[in-house]
Structures are given as structure tokens and as C-alpha cells.
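S.K.: Attaching a predicted model along with its sequence, questions to come.
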Amino acid sequence: MLPTTVVDAHLHVWDLDRADYPWLGPQYGALHRTIDLSEVQPRMATAGVGRAILVQAADNAEDTTHMLQVAADHKEIAGVVGWVPLDQPDLAGSMLGELPSDVVGIRNLIHDRPDPDWILRAGVAAGLDLVSGAGLPFDYVAVLPRHLEHLPALRRRHPELRIVIDHLGKPPVGQADPQPWLPLISAAADLPEVYAKVSGLYPTNRDPHDWTPAHLRPILHHALELFGPQRLMFGSDWPISETAGGYDTVWQALRTVIGELSESEQDWIWHGTAATCYGIDP
């Protein structure tokens, strides 16, 4: 049974006429175009998803401005995870001071940086201190094992910063061996104020359309044991999820697995954790 409101904590929109998205090329096929919220609204309504958080898709101010306009035009958008240049702390501080209250978090596309250790640079650390001081969580894109390895150091450097691991740190969905993800995510879960999104969980060793809830079940059970429901939140990762069957397919799979949990656990994952972490009204 679903709660009154489900919060999708990881949704994207982008406008190729308003912002530059260097990663988004022809290799993304049908996604290589402007993606508008109107495309997913009917599917959200059918699924019972009443609110969503828009997450940045480019390291530039224009993308954040676009998301804020979408949020202003659509009451179901509960907040925006935007961008400031963490490696330019003076500029980041100025931008943070001007961001509206609709911005509930900050993210940088660290996985697109040539340097996998970029997040540990001194200038970036100064930027993260500013994010922490602003009371905003930081969405952490941990694609490589090395990204997860950095989390203990980040926690030591920024003890007050709330960190949200996007897509559970990209676990090996559909693989029998959870290494090296399991020990790394376990170490991350031991850290205070570290959350994770149950999102973007697609198979890594098969056709991304060829998967079932059974592939997600062991990953979710690992995550639940490590983080507890109070630090896990649902996200669709739309429209990237179109490459794995689409919003409906991902929603039904996650609903099947999460629906096996207790009512209290479900409430946290469907909306409670997002509301607590991002400070939104679900």
C-alpha cells in the first residue's frame, strides 16, 4: 500500500536551447533532445507519484535556472538540486547567497571529470564547506569504486555536510558477486549523515531492458540492512531510465521490491527520507 504522497527524489529535465550539456550526445539516441516535464507527468500521476525533486544535468548556471523555472511552473516539483562551481569557492559562495529557497541541494558531475580524485582537491573542499554552511545536502555521483572510497575522507573533512549517494553508488545489479561495491557501500553507510537513493539500478552485465525485480531484491536488501529505511529514498532517474524500460517499468519493479517491506519502511523510502534530507514538504 502506497502512502498518500510519493516523492520521486531524482528526476531530470533539460533544454538544449537554454543550457549546454556536454555529456549528452547522439550516443544517447532519443534522449539527445530537449526533455520536458510534460512527458513524464502522466506516468507520475498513474504511478501515484505526487512530488519530485529535479536534479542538475549540467555543470552550469543555465541548467539550474531552467530547473527553477520548471519548478515555478509546476506545483509537483518540491525542490531543485542545482549547481555551483565547487572548485571556485569565491564564485560558489556568491551564487549560494543568491539561490532561492527552491534549491534544496547541490551537485557537480564529478564522474565526468578526468581526475577521479577531483572531489578531494583543496579548492573543492572550500566549496563543499560553503555548501555545508548553507545547510544544503550534496548529491554525490559515485560511479567508480574510487568515488565511494573517498567518502570517509569527505566525512572527516566536512563533518556537518549531508551527503546523498546517487543511485546507491552504482551496484552490480544482476551480478552474483557484489564486489567491490558491497564493502565500499558498507563503509559509506557507517558514516553519519550519509544517505542514498534507490535509483538508477539497472543491470551491468546484460541488456538493460532485460531485468526483473529479482535483480533488484538483493541490492535493496543489502542497502536496507546497511542504511536503514531512514536514509534511503526512491528516485526514478527519469529520463535516463528510458534506456532501461522507461518510467513505468522502473516504477513497477521498485514498487514490487519496496512493497515487500513493512509499512513504516516503505513510508521512509517513498517520501519520509527525501523530506527529511532535503527539507521539503512532501
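M.R.: Sure, I can see it. Residues are numbered from 1 along each chain as shown.

S.K.: Tell me the confidence at Leu2?
M.R.: For Leu2, the pLDDT comes out at 66.

S.K.: hey, C-alpha coordinates of stretch 46-61 in CSV?
M.R.: Output of stretch 46-61 as CSV, limited to C-alpha atoms (Å, rounded to 0.1, in the frame of the first residue of the first chain):
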residue,chain,number,x,y,z
THR,A,46,-0.6,6.9,-12.9
ALA,A,47,2.1,5.7,-10.5
GLY,A,48,0.8,7.9,-7.7
VAL,A,49,4.0,10.0,-7.5
GLY,A,50,2.8,13.4,-6.3
ARG,A,51,6.0,15.3,-5.9
ALA,A,52,9.5,15.2,-7.4
ILE,A,53,12.9,16.8,-7.0
LEU,A,54,14.7,18.0,-10.1
VAL,A,55,18.4,17.2,-10.2
GLN,A,56,21.0,19.0,-12.2
ALA,A,57,22.2,17.6,-15.5
ALA,A,58,24.9,20.1,-16.4
ASP,A,59,27.7,21.9,-14.5
ASN,A,60,26.4,25.4,-15.4
ALA,A,61,24.1,28.0,-14.0
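
S.K.: State the mean pLDDT of it.
M.R.: 97.

S.K.: ok, residues contacting the host helix or strand of Leu96?
M.R.: Taking DSSP states H and E as the definition, one finds Leu96 inside helix 89-98. For helix 89-98, contacts defined as C-beta atoms under 8 Å, 6 or more residues apart in numbering pick out 61, 84-86, 106, 123, 126-127, 129-131, 134, 136. All C-beta atoms are positioned from the backbone trio N, CA, C, and that covers glycine.

S.K.: May I have it exported as PDB, CA atoms only?
M.R.: Written as PDB, here are the backbone C-alpha positions of helix 89-98 (Å, rounded to 0.1, in the frame of the first residue of the first chain):
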ATOM      1  CA  PRO A  89      34.800  28.900  -3.900                       C
ATOM      2  CA  ASP A  90      34.500  32.700  -4.200                       C
ATOM      3  CA  LEU A  91      32.000  32.400  -7.000                       C
ATOM      4  CA  ALA A  92      30.300  29.400  -5.400                       C
ATOM      5  CA  GLY A  93      29.800  31.500  -2.200                       C
ATOM      6  CA  SER A  94      28.300  34.300  -4.200                       C
ATOM      7  CA  MET A  95      25.900  32.000  -6.100                       C
ATOM      8  CA  LEU A  96      24.800  30.200  -2.900                       C
ATOM      9  CA  GLY A  97      23.900  33.500  -1.400                       C
ATOM     10  CA  GLU A  98      21.600  34.300  -4.300                       C
END
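
S.K.: and the next element down the chain from it?
M.R.: Following helix 89-98 in sequence, per DSSP H and E, is strand 103-107.

S.K.: what packs against that following strand?
M.R.: strand 49-55, strand 77-82, strand 138-140 (3 or more C-beta pairs under 8 Å, 6 or more residues apart in numbering; DSSP states H and E).

S.K.: please redo it, this time with the cut-off set to 6 Å
M.R.: strand 77-82, strand 138-140 (3 or more C-beta pairs under 6 Å, 6 or more residues apart in numbering; DSSP states H and E).

S.K.: which residues does Glu160 contact?
M.R.: Ser132 (C-beta atoms under 6 Å, 6 or more residues apart in numbering).
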